[in-house]
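Chemist: The amino acid sequence is not available; the structure is as follows:
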DNA sequence: TGATGTATCTCGGCT
DNA sequence: AGCCGAGGTACATCA
């Protein structure tokens, strides 16, 4: 990994065109050839970048560029597409390199699937007397998140999202249409469950006779393992 | 901006929990207090990070931590949420700081909105005799990109995408359904316009009687400002 | 390998 | 401030 602090301007051409005027910035060149251009603020997304695989060529500046003080031009070329990043360097303030080696990688815990497991374990949140048919009930058009039988013995399909958007309602609608063709299951009604449900999605769901259910993830997790989230 | 190359392990707790085992990594601390943890590969997304506003406190390692060789523990605390990043540093290999100052920011060109403006100015691309009703025609379920009246006086709704996917067809279908309930507008037909249209999306659109239109952005821009895209 | 769904999404625009 | 849509989305999972 090579870290350069430099006064530079940057041009990108690819899916879109973008230009960064002259300023001091951090240039990161990773071992896989990727390049990041970072300013001293903003969040993790660089101002500009190039994904691997790519090749970096150092060009001599044109007469015009030399005249305005450009010392080097770095051309970063994507190997697979024709995306290209041109970095014009006016002054290098710092330039260090280090071998970092492979990274063991991130271990994540506590995502979406977890919500499904929790809800399957806490069917009383949906309604009393419900019993699980199965999680990830497979159909020709994809898996239904949760399928269950209510106290009256009729079938309920649940679509689960972290954020309840229109797409999720469309998805559940398609499942319901399909499931209702199955005489062993029909009639099947739907519940759209999410940590938050967008007004548009709620409207659409209600128009279609789909019930909406807002879930409290922290509470569900709290019931399940009894401890608040800590290290 | 402070750049540290260090042997470290990292724990994050917030929306999810995540752990990075001990390895050499780049730690970037920006002027606004945000922190990035980068490895020597992968794309621009850091392995772990904390968004501003946040505060960094350097803690003395616990007896347990000291025993395994931790020299310092950095606690990066989000100011608004309770997200926290704990960075255990075993060895610092490099530590430099530079003042970068404010960044003038990125200048973009060639995005979605531009395409909409161009198309609204070049209605002949859609069909002769068409006249604009309005761009961003608002409905209860969202804005229709372009609404126009064709040579016969009937209404046409256009959904515009850079990449024409099934979602876009679904979206246009919903608009059409709604617009056709309005006696002042009905009958409304739809055109799905994009720089490229996926086969699945085309099939679905045609099944629903929606016309597909592939746009040549460069040509449209060329007509508009006369110059091809170059640096 | 391509399609699909999620994200500690980020970012900009608008209400 | 919040909501909504797009992204050079990135990223993981699954067919």
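Modeler: Structure received. Just so it is clear, the structure is predicted and the values come from calculations on it, not from any experiment. Residues are numbered from 1 along each chain as shown, chains lettered A, B, ... in the order given.

Chemist: Report the contact partners of residue A:82.
Modeler: With contact set as C-beta atoms under 8 Å, 6 or more residues apart in numbering or on different chains, residue A:82 has these partners: residue A:14. Placement of C-beta: from N, CA and C, glycine included.

Chemist: my read is it is in a helix, agree?
Modeler: No. Using DSSP: H, G, I helix; E, B strand; the rest coil, the assignment for residue A:82 is coil, not a helix.

Chemist: if I look at it, how far off is chain B?
Modeler: Using C-beta to the nearest C-beta, to the nearest Å, residue A:82 is found at 12 Å from chain B.

Chemist: which residues touch the closest residue to residue A:48 other than its chain neighbours?
Modeler: Once flanking residues are discounted, residue A:48 sits nearest to residue A:37: 4.4 Å by C-beta to C-beta, 6 or more residues apart in numbering or on different chains. By C-beta under 8 Å, 6+ apart, the contact set of residue A:37 is A:8, A:10, A:20, A:25, A:26, A:27, A:46, A:47, A:48, A:49, A:87.

Chemist: Distance-wise, check residue A:148 relative to DNA strand C.
Modeler: According to C-beta to the nearest atom of the strand, to the nearest Å, residue A:148 stands 19 Å off from DNA strand C.

Chemist: swap in residue A:108?
Modeler: According to C-beta to the nearest atom of the strand, residue A:108 and DNA strand C sit 7 Å apart.

Chemist: just checking, that residue touches residue B:18?
Modeler: Yes. Using C-beta atoms under 8 Å, residue A:108 is in contact with residue B:18, at 5.0 Å.

Chemist: now chain A, which segments are flagged as low pLDDT?
Modeler: Within chain A, the segments meeting pLDDT under 70 span A:109-114, A:139-142, A:217-218, A:221-231.

Chemist: Residue of it closest to DNA strand D, please.
Modeler: Taking C-beta to the nearest atom of the strand, DNA strand D has its nearest neighbour within chain A at residue A:15, 3.1 Å off.

Chemist: give me the number of residues near that residue?
Modeler: Look at residue A:15: counted by other C-beta atoms under 10 Å in any protein chain shown, it has 11 neighbours.

Chemist: right, and it touches residue A:84 too?
Modeler: No. The criterion here is C-beta under 8 Å, and residue A:15 misses it with residue A:84 at 11.7 Å.

Chemist: Could you tell me which residues touch both of those two?
Modeler: With C-beta under 8 Å, 6+ apart, residue A:15 and residue A:84 have no common neighbours.

Chemist: Chain A against DNA strand D: which residues are in contact?
Modeler: Residues of chain A lying close to DNA strand D (C-beta under 7 Å from any atom of the strand) are A:12, A:14-16, A:18, A:48-51, A:78, A:83, A:85, A:106, A:143, A:198-200.

Chemist: Among these, which ones are in strands?
Modeler: Within the residues of chain A next to DNA strand D, residues falling in strands by DSSP state E are A:12, A:18, A:48, A:49, A:50, A:78, A:85, A:143.

Chemist: burial measure for the fourth one, as a count.
Modeler: Counted with other C-beta under 10 Å, the burial measure for residue A:49 works out to 20 neighbours.

Chemist: ditto for the third one
Modeler: Using other C-beta under 10 Å as the criterion, residue A:48 is surrounded by 23 other residues.

Chemist: just the second one next, same as before
Modeler: Taking other C-beta under 10 Å as the neighbour definition, residue A:18 ends up with a count of 19.

Chemist: Show the contacting residues for it.
Modeler: So residue A:18 contacts A:11, A:12, A:48, B:106, B:107, B:108, B:109 (C-beta under 8 Å, 6+ apart).

Chemist: tell me which of those residues is nearest to residue A:212?
Modeler: Proximity of these to residue A:212 (C-beta to C-beta) peaks at residue B:108, which lies at 37.5 Å.
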